[in-house]
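Engineer: Need the 3D shape of this:
(2 chains)
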Amino acid sequence: MSLNQFSELFLDLDSSNSINKKLEILKNYFSMNNDLENSWSIYLLAGKKNKRFISGSSLKKLFSDIYEFPLWLIDTCYLKVGDSAEVITLLLKSKNMSKNKFFQEISLDELLNKILPELAFIEEDEKKLRIKEIWENLPNENLLIFNKILTGTFRVGVSIGLITKSIAKYINLDESIVAHRLMGDFEPSAKSFKFLINNKIDLEELNYKPYPFLLANTFEKKVSEESINNFQFEWKWDGIRIQLIKRLGKVSIWTRGQDLVNKSFPELEENTLFIKDDFVIDGELLVWDFKEELPLNFSLLQKRINRKAPSKSIQKNLPIVFIAYDLIEIKGEDKRELDLKNRRINLEKNFHKWINQSEKDISKIFKISNLLFPKTWKEVENLKNKSRDNGTEGLVIKNKNSLYLSGRKKGIWWKYKVDPMQLDAVLIYAKGGSGKRAGLYTDYSFALWKDGQLIKFASAYSGLNNEEIKELDKWIRKNTIERFGPVRSVKPEMVFEISFENIQVSNRHKAGISVRFPRISKWRKDKNIKDADTLENAQKLIINKL
Amino acid sequence: MIKDKTDLIKYSKNGLYCEIADIWIDPHKPVKRALITHAHMDHFTFGCDEYFATYETSIILKERIGSQINIKAYDYGTEFKINGINISFHPSGHILGSSQIKFNFAGEVWLITGDFKRQKDDTCMEFEKVKTDYLISESTFGLPIFKWEDPQKTASDITKWIVSSPENTSILFCYSLGKAQRLLNEISKTNFKNNIYTHSSIYKMNNCYKKLGINIANTIQFDKTQNINEFKGSLILLPQSLNKGSYLQKFKNIQTGFASGWMSIRALRKRSGFDKGFAISDHSDWEDILKTVKESEAKNVFFHHGDSEALNRYLNEKKSINVLYFDS
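Structural biologist: Prediction:
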């Protein structure tokens, strides 16, 4: 019941590509360890908010100081490994350390509750000594996990879904209940694990927790073979997905990422309290332009999320709305087993009642997601193509007979996104990747033309397949002009089609524009750099959008 | 004395070349005369007029190229002369028959390490320390993150991996020459009792090793037409080239592993797509490269194979050793 077991668990999970095997491994692990350790294990495996006790670069610096090891050499190694915790672990292996290790058995609780938090309160020199002592006295097999926990970078290929499944299997309880219990904040304690595996189901205990979100799949052509009457159509908003919960008079605002964001949106909490009934509504939070009756850019919403306790003037300048699209609990009654058709009827009925009966006018902040009624799939396509005019990113297509299940279940909700905007740009910088892509140049910067010069406008990491990554990596090494640490400038020669979701004016960027979700959509080997787009073309996209 | 001493052996993209002897070392293109350090595919080429190698390497080369090749075989340590240069082979510890090559000319010694390792390996001669003026060393694993574990530990990890999955067939990919035999030798020292199957390319090399007196565990030649269920709980060694979806498709209930020094890095392990990586290498790790440079007493060192930037700078700064670069 210790770091030893957890390290072993990590190795086992890391050396299996089979979901079933991982499930078995987890189940066995939970059945063999105590509640407290299990609780910490879930905390680490879920990796929701792993605390960083020291940064990766401080870790490298520490090693360099302790063992008088050149920092440049650690950095060179990093380029190959792509993970500070792992580099230091590998380097520690070549230190001749004592055979008598003091720390044979450290529990996760001791480590995460005592040893590591204490580091924050001691002087730099003392810290060095402590970490050196741990490094030299932990069994070698535990070093990687220790360093990863220390730097808050512990990750392993296990999803929340898999953890949920394994616990459900271990205690023979329905998966959806375990999933629900795992929602929101997970406090690592024996108590919370006991709650998780409790066979008695007590709804009140779940009061502050959101339901597992129902997620949409990417639209597939075959959906349009079905009758259009089977589906409900709505705009796909580019905001934050929210479950707005009011139970026993208390409001909680949960994001899909399972963050409680009451503090960032006090006006939503306030207005919600004017509604008499208890409920859980699934919907979207947006910053709104009340003149145009359109959502404002996502970046403004981000400003709101990042600010806890926003001032009145911020609330006024960046006003929010909550668009309700599903009613999944009403007056304490779970309605997820009701089909969408009926949930929608419930939603409309209650929503209008609440707005009308409220003492205060809450109709500004609360909206209901309006349905669209295309008559043919061709019309659906046309609607989708017009979604940018409405400040949305496409359509959500929902099966009217569907229940509110948890997770990304196929055939229930589909997202049909508008085609991305695209520009052809020239590769000018490349940077070494990290994690799985260590040792390869995989982080690229792209430029557009302006007055005969190439101006950087976006960076992208994804979109190429493994063969293309290898090929481009080779090309980058051969065509480097200059090296600045991990970054290389390369001969402007390669043209790529870059896709992105949105474009806007930005003073923070040299090009004067910024784009959302840029990624490579095509390697345009057929194009000469002279054929790449100009910054002017990019600016035209902004104008056309408005 | 020759005018430019740093020129006895030159580097070109076709291999290392000694102009005075008109002889190539491990050439990539057919040439008149070729010294072969060892019989891995990327260290020799078909079609040279004349080959020079150790006795063991010559046997393996004949197996790989054909017995008709014109090859002169020498024992380790035996000097022979070409155009006034004394040349000799010395054990490099990489695989059976592998050698360092020593050039002795006009009072100065040049040593090409070839691929080498210092770790214990019962399937080949131990690395011999040779003193030299000029050292040309490989640097495949020239970073301090590489530190090899005891091969017995790796072998017991492998057997543990197989035994803990009795319902699966364990497929371990590795080089068919050298690594496969070393693994078989190490595994034979563990208590692994189940069947071991080897692909024909490995099976052939096993026989070569056995003929040359090396102790290798007996294996069954792998025949993919056999019923896969017979292989449950056993180990199959396959060459890396067969790590293709189409080849493995008909297998059910398998776990795959790969034995290579690169597997010590998690990102490479993940990218390789194998379930499990075993870090075991027939090349030197960082410490052993440094040790070899030091023990050779060479004043001038060249590196090739692999990225040697870190070694160059480290030796310059920390050990005040002159690292030279081939003009390429």
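
Engineer: Contacts only, for the closest residue to residue A:235 other than its chain neighbours.
Structural biologist: Take residue A:235 and drop its neighbours on the chain: the residue closest to it by Cβ to Cβ, 6 or more residues apart in numbering or on different chains is residue A:392, 4.1 Å away. C-beta coordinates here come from the backbone N, C-alpha and C atoms, glycine included. Residues near residue A:392 by Cβ atoms under 8 Å, 6 or more residues apart in numbering or on different chains: A:235-238, A:295.

Engineer: swap in residue A:197?
Structural biologist: By Cβ under 8 Å, 6+ apart, the neighbours of residue A:197 are A:167, A:170-171, A:173.

Engineer: residue ranges with poor pLDDT in the stretch 201-328 of chain B?
Structural biologist: Applying pLDDT under 70 to the stretch 201-328 of chain B picks out residues B:228-229, B:327-328.

Engineer: can you list the residues of it near chain A?
Structural biologist: The stretch 201-328 of chain B comes close to chain A at residues B:255, B:264-268, B:270-271, B:273, B:275-277, B:286-287, B:309-310, B:313-314, B:317-318, as judged by Cβ under 8 Å from any Cβ of the partner chain.

Engineer: Need the buried ones from those selected in PyMOL.
Structural biologist: Here is the PyMOL command that picks out the buried ones among these, judged by 16 or more other Cβ atoms under 10 Å in any protein chain shown:
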select buried, chain B and resi 255+264+265+266+267+268+270+271+275+276+277+286+310+314
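
Engineer: State the pLDDT value of residue A:467.
Structural biologist: Residue A:467 is assigned 88 on the pLDDT scale.

Engineer: which SS state does residue A:321 fall under?
Structural biologist: strand (DSSP: H, G, I helix; E, B strand; the rest coil).

Engineer: For burial, what's the neighbour tally of it?
Structural biologist: 20 (other Cβ atoms under 10 Å in any protein chain shown).

Engineer: who does it bridge with?
Structural biologist: For residue A:321, the beta-bridge partners are residue A:286 (DSSP bridges).

Engineer: Other residues contacting stretch A:40-53?
Structural biologist: Outside stretch A:40-53, the residues touching it (Cβ under 8 Å, 6+ apart) are A:6, A:9, A:29-30, A:33, A:108-109, A:112, A:116-117, A:119-120, A:149-156, A:158, A:160, A:163, A:182, A:186, A:188, A:193, A:196, A:258.

Engineer: any idea how far residue B:281 is from the residue of the stretch 151-300 of chain A at minimum distance from chain B?
Structural biologist: Proximity of the stretch 151-300 of chain A to chain B (Cβ to the nearest Cβ) peaks at residue A:157, 8.5 Å away. Counting by Cβ to Cβ, to the nearest Å, the separation of residue A:157 from residue B:281 is 26 Å.

Engineer: and the two? which has more neighbours close in?
Structural biologist: More crowded of residue A:157 and residue B:281, by other Cβ under 10 Å: residue B:281, with 22 against 12.

Engineer: Could you tell me how many residues sit around the residue nearest to that one when sequence neighbours are not counted?
Structural biologist: Leaving aside its sequence neighbours, residue B:281 sits nearest to residue B:261 (Cβ to Cβ, 6+ apart; 2.9 Å). As a burial measure, residue B:261 scores 22 neighbours (other Cβ under 10 Å).

Engineer: Residue B:261 contacts residue B:143, correct?
Structural biologist: No: here residue B:261 lies out of contact with residue B:143, judged by Cβ atoms under 8 Å, at a distance of 11.0 Å.

Engineer: Any buried residues in the longest helix along chain A, and which?
Structural biologist: The residue-count maximum for a helix in chain A (DSSP state H) belongs to helix A:340-357. For helix A:340-357, a neighbour-count test (16+ other Cβ under 10 Å) marks A:340, A:343-344, A:346-347, A:350-351, A:354-355 as buried.

Engineer: which one of these sits closest to chain B?
Structural biologist: Among the buried residues of helix A:340-357, and counting by Cβ to the nearest Cβ, the member closest to chain B is residue A:340, at 40.0 Å.

Engineer: In contact with the closest one, which residues?
Structural biologist: So residue A:340 contacts A:232, A:326, A:398-404 (Cβ under 8 Å, 6+ apart).

Engineer: Next: residue A:151.
Structural biologist: A:52-56, A:59, A:84-85.

Engineer: Please repeat the previous calculation with a cut-off of 7 Å.
Structural biologist: Residues in contact with residue A:151 (Cβ atoms under 7 Å, 6 or more residues apart in numbering or on different chains) are A:52, A:54-56, A:59, A:84-85.

Engineer: Restrict stretch B:18-26 to CA atoms and write it as CSV.
Structural biologist: The C-alpha trace of stretch B:18-26 is given here as CSV (Å, rounded to 0.1, in the frame of the first residue of the first chain):
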residue,chain,number,x,y,z
CYS,B,18,41.8,4.6,-46.0
GLU,B,19,43.3,5.9,-49.1
ILE,B,20,46.8,4.6,-48.6
ALA,B,21,45.6,1.0,-48.3
ASP,B,22,42.8,1.7,-50.7
ILE,B,23,40.4,-0.1,-48.4
TRP,B,24,36.9,0.7,-47.1
ILE,B,25,35.5,-0.1,-43.7
ASP,B,26,31.9,-1.3,-43.7
